[in-house]
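> when you get a sec, could you give me coordinates for this:
(3 chains)
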Amino acid sequence: MTSSPTALALRRFRGRPAAVLGFIVITLFIVIAVAAPLIAPFDPVATSWTAIRKAPSMQHWMGTDENGRDVLSRVVFGARASLLAGVVSVLIAAGVGVPVGLLAGFAGGRVDMVIGRVVDAMLACPFLILAIALAAFLGPALTNAMVAIGVTAAPVFARVARSATMDTMTHDYVEAARAVGNPPWRVALRHVAPNIIPPVLVQATLAIALAIIAEASLSFLGLGQQPPAPSWGSMLNSAQRFLTQAPWLAVFPGAAIFLAVLAFNLVGDGLRDALDPRRR
Amino acid sequence: MMRRSILAALCLATMLTGAARAQTLRVALREDPDILDPTLARTYVGRIAFAGLCDKLFDINETLEIVPQLALSYEWTDPTNLVIKLRPGVVFHDGEALNAAAVKYSLERHLTMQGSFRRSEINVMDRVEVVDPLTVRIVLKTASSPFVSQLTDRAGMIVSPKAAEAAGKDFGLKPVCAGPFRFVERVPQDRIVLEKFPQYWDAGSIKLDRVVYLPIPDSSIRLANLQAGSIELSEQILPTDADAVRSNPRLRLVTSDNLGYWGITINLANGPRAKTPLGSDARVRQAFELSLDRATINQVVYNGLYTPMAQGLSPSSPYYNKSIQPRERDVARAKALLKEAGATLPVPVALTVPNNPDQRQTGEIIQAMAAEAGFDVRITASEYASALSAATRGEFEAFSTGWSGRVDPDGNLFSFMHGGGALNDSHYADPKVDALLDQTRTVQDVAGRRALYAQVVEQLSKDLPIIYLHNPKNVVGLSARVTGFRPVPDGMIRLQGISLAK
Amino acid sequence: MRSHLGGRLLQVLPTILLVSILVFGLQQLMPGDPAVVLAGEERGDPAVLAQIRSELWLDRSLPVQYFHWIGNVLRGDLGFSWRIRQPVASLVLTKLPVTLQLAAMAFLIALCIGVPAGILSAVKRNTAWDYVANLIGLAGLSTPNFWLGIMLILLVSVKLGWLPPSGYVPLAEDWRQSLATTIMPAFVLGNAIAAILMRHTRSAMLTTLDQDFVRTARAKGLNEWVVVLRHAFRNALVPVVTLGALELGTLLSGAVLTEQVFSIPGFGKLVVDAVFNRDYPVVQGVVLVTACLYILLNLLADVLYVVINPRLRDA
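Below you'll find the model as predicted:
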């Protein structure tokens, strides 16, 4: 039991303090996002014209923004948008990319050729340009930004899934399963798919980090979360005007993005080391 | 190798000494201008570059009076006949003489060239006649009192016929005009470089050797450049950055009234999305207006620097209607009006705002204020291109938008409020207002026109196709080394008289 | 090897064709009628709109527009910018050196930070060195570029006054000024890539350090650093070089927001502005050129991989 691959990976993961730390930070952010109404000291959209751009104080730990709203509360609620954007867009990306990659790797030949070209073409187009164009097409909204990021990030998943599939296909037991006469879809789902989970999982964790930054970038350009709801990217967007006068407006959401992305990267790294069978 | 390095050193030395003497003014623009052809151009920042490049028949001064530039004088011989005397001895940057034939050529080019954006400004023009080498007669189809004011802007810019003929549609890549500076080079999105034109007719007023226009879209970066001394002038400083400029001893802040306005255009009859409580009942619009506190918006977003107003004419205009002042915020009265109109609460309002930080903030404030009176405002921040198309097609309910403004009141009201106006996105059409606006074009004297505009403005403040919010200011940031800068409400940077102290 | 390359070359053409269709199709989907944007204050006049549409072929069917465009492209004509009427090809030619310079500098910075850090953390594996290098690398990867850029401008230009906050001076004009204006954006771009390079160097080094010939070298009593640099690093170079070519490709397009923040008139700024202005020929031209460069760099990476890796060369 202790030597099952999962348990082994878990043990390796636990052996990396940085990865565990990342995991704890992510958990913390998730708790904050879920329990935002309980944690936030103020209503994140409640304005106060008499208290605009007040520096951090005992009452407002992170100060107030350009409309007199509590920055701490907005950072707390912003965690929802950013985490959601990260997770949902990666789910979309993996949901589209993995089956396609599996198909390409498994079917090979002409199917692989065609999928390969499409993936190449999408990867050759600048990521952010594609996302901007898609987000502009769908209209500015958080959900649309997620779709745009998800679709744009899908080719990477297709590529990862394809190469993992091709790796797995060379293994004896897959060949054996085929030789026995199992139908291809069964071989693909039963024997190949489970083996591509580890690299996809690693890719997904790292992609969430990228997606959070992408959402911030789109919101920074005004194509993400719509006012007055907060997201870290849109907070940075409006903070940009007040950098010298009210730096706290930019510091806290910026730090939040940094921490969240760093945590996902740490976990992704840890997972990669833990799941990679070639690594000792 | 050796020789080359000596040569390089020499070059560097001449460049350095040259740089010490040469006066180069670096001007930051809020965006990259479009094509530098006065006939085809349409951006506000493009006009700033033209102020160095292309002189106009007439100019305006600080008090919005029309003053001579390439022309010496004008006279209406009858309501449709305008005789313009030209300044003698003016040459274009290519050495060609600026005469009546060149004026005729340019005006006709503005009127007839494919893709011209000047056409609608001067389409009342029937023909141009050369009376003598320094006199032109412009014959209009109908009387038009705003016509001369059009000649104070791009429609009045005279281009070299020879260069324009040779370059055709590509004239804007290397414009040849008769302004104080001539075109050197343009690197799109990076800079536009002009150099002093020694044969300029008013060469004595030009102290600078070079002008470089640098598009820097980010306001904080513009400010940083000004603070770091890598530009001498920023044509736009955010009001919230004003204090940073004021408190810096090496910088100077110059504010002046602006010709334009900012407001909320409401869809009254442009397609199915006009069928909202806001679009169909003036009382609901009045309630919406009463729920807003313009002074607070001005204070919170614009640092109290702008001027709250409730009409489309600038306070700097002689036609500004002083009796129409912003109403005090009155939530109780707003609620009563909504009740009177029989609206079911909350009244939904979809507000489209331009996708930039201060407009989004204004949207958020409007949202919070209107909510107290019973409006449920949903904001969509839309980038410029999408918003513009949507506004034209009527795919909006309320659209927060502004106008850079024109010298003549006609330019601020006619196309927006006349039933057939090209920019009337709200599709407001009131026979009385239409008649009044038509009439303003036929009356020449200021007092007579003022009386007509007073009626227009008053009617509009009841019908509210646009809820005007404020008159923005031109807020210019300067290095303290810059002397002789003269702010004019049109926001253009006139280079005459500007010099740099060491 | 030759047949391998031939095969890759054959794959390139359909990819580029797909890119062109993708770009063309995507911008057709975008909201915002370019004719209305171009018409500006005349947008209320249907005659003006119709005139603009017919002049720019916007009133033709999509396939007709596409074939018209791609036909011109094949003849070397990328069209002209609708906004400023300059030929797209000349725009590309003026912007490409800017972005290339930025990319090269960023890559150099990334190399200088990433590779030594990667070697260090592999050699000093699981020590404090390793963790610190890793954490710094990851931190670089985790900072949004635009945010880092803004912070740098604030600190270095506004507070300290050391470097110009934005703008760009061409190398040929004044190399010192040129470096001064590009060093901050290059650092912003480079630090993220440094992290990626570091990780790959580290894992490649770890693999080679475990291999027999390195063990032999060690057993022979050679100095540890000689072993590391001469034996292990040479072999670890393979993935680093491959990756380098790939990252250079992403740099070409990854500079979008950084160029925006620093007002660098490169490819990224050109294309973002063009998207927002609906200047379709520019968007199409720039993305097509970027994609071709990216694909070429990929190809180059493949070739390098074969050239550097002796085992593949012999096969």
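
> CA only for contacts and neighbour counts going forward, please
Fine.

> low-confidence regions, the stretch 401-502 of chain B specifically.
For the stretch 401-502 of chain B, no stretch has pLDDT under 70.

> show me what from it comes close to chain C.
Residues of the stretch 401-502 of chain B lying near chain C by Cα under 8 Å from any Cα of the partner chain: B:421-424.

> now the stretch 101-250 of chain A
A:117-118, A:120-122, A:124-129, A:133-134, A:136-138, A:209, A:213, A:217, A:243-244.

> cutoff 7 Å now
A:117-118, A:120-122, A:124-126, A:133, A:136-137, A:213 (Cα under 7 Å from any Cα of the partner chain).

> looking at the residues of the stretch 401-502 of chain B next to chain C, which is nearest chain C?
B:Ala422 (4.1 Å; Cα to the nearest Cα).

> what about the closest residue to that closest one other than its chain neighbours, neighbour count?
Closest residue to B:Ala422 apart from its sequence neighbours, by Cα to Cα, 6 or more residues apart in numbering or on different chains: C:Gly44 at 4.1 Å. By other Cα atoms under 10 Å in any protein chain shown, the residues close to C:Gly44 number 20.

> how close does C:Gly44 sit to C:Ala50?
Going from C:Gly44 to C:Ala50 by Cα to Cα, to the nearest Å gives 11 Å.

> any idea which helix or strand carries B:Val136?
strand B:135-140 (DSSP states H and E).

> list the buried residues of that strand.
B:135-140 (16 or more other Cα atoms under 10 Å in any protein chain shown).

> B:Trp262 contacts B:Asn471, correct?
Yes. Using Cα atoms under 7 Å, B:Trp262 makes contact with B:Asn471 at a distance of 6.3 Å.

> show me the residues of the stretch 101-250 of chain A next to chain C that map onto helices.
Judged by DSSP state H, helices contain the following of these: A:117-118, A:120-122, A:124, A:133, A:136-137, A:213.

> mind putting those residues into JSON lines with neighbour count?
Formatted as JSON lines, these follow (neighbours: other Cα atoms under 10 Å in any protein chain shown):
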{"residue": "A:Arg117", "neighbour count": "20"}
{"residue": "A:Val118", "neighbour count": "19"}
{"residue": "A:Asp120", "neighbour count": "24"}
{"residue": "A:Ala121", "neighbour count": "25"}
{"residue": "A:Met122", "neighbour count": "24"}
{"residue": "A:Ala124", "neighbour count": "24"}
{"residue": "A:Ala133", "neighbour count": "22"}
{"residue": "A:Ala136", "neighbour count": "28"}
{"residue": "A:Phe137", "neighbour count": "19"}
{"residue": "A:Ile213", "neighbour count": "26"}
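
> dump those to JSON lines, plus pLDDT.
Formatted as JSON lines, those follow (pLDDT from 0 to 100):
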{"residue": "A:Arg117", "pLDDT": "87"}
{"residue": "A:Val118", "pLDDT": "88"}
{"residue": "A:Asp120", "pLDDT": "84"}
{"residue": "A:Ala121", "pLDDT": "85"}
{"residue": "A:Met122", "pLDDT": "85"}
{"residue": "A:Ala124", "pLDDT": "81"}
{"residue": "A:Ala133", "pLDDT": "78"}
{"residue": "A:Ala136", "pLDDT": "75"}
{"residue": "A:Phe137", "pLDDT": "76"}
{"residue": "A:Ile213", "pLDDT": "86"}
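
> any idea which of these is the one closest to B:Tyr302?
Of all these, B:Tyr302 sits closest to A:Ala136, with 28.5 Å by Cα to Cα.

> the residue nearest to the spatial centre of chain A and A:Gly86, how far apart?
Compute the mean C-alpha point of chain A, and by Cα atoms, centre = their mean the closest residue is A:Ile208, 1.4 Å away. Separation of A:Ile208 from A:Gly86 (Cα to Cα): 5 Å.

> A:Leu142 now?
11 Å.

> ok, those two, which is more surrounded?
A:Gly86 (26 against 23).

> mind checking which helix or strand the more buried one is in?
Residue-wise, A:Gly86 maps onto helix A:71-107 under DSSP H and E.

> and residue 179, how many residues sit next to it?
Picking chain A for this. Neighbours of A:Ala179 (other Cα under 10 Å): 10.

> right idea, wrong chain: chain B
29.

> equivalent analysis for A:Asp172, please.
10.

> and what of C:Leu56?
C:Leu56 has 14 nearby residues by other Cα under 10 Å.

> same check, this time on B:Asp445
Neighbours of B:Asp445 (other Cα under 10 Å): 10.

> relative to B:Ser144, how far out is it?
B:Asp445 is 12 Å from B:Ser144, by Cα to Cα.

> rewinding a little: assess the claim that the residue nearest to B:Ala422 and B:Leu423 are in contact.
Yes. With contacts counted by Cα under 7 Å, C:Gly44 reaches B:Leu423, the gap being 5.5 Å.

> residues contacting A:Asp112?
Residues near A:Asp112 by Cα atoms under 7 Å, 6 or more residues apart in numbering or on different chains: A:104-105.

> how much space between it and chain C?
12 Å (Cα to the nearest Cα, to the nearest Å).

> alright, that wraps it up for me.
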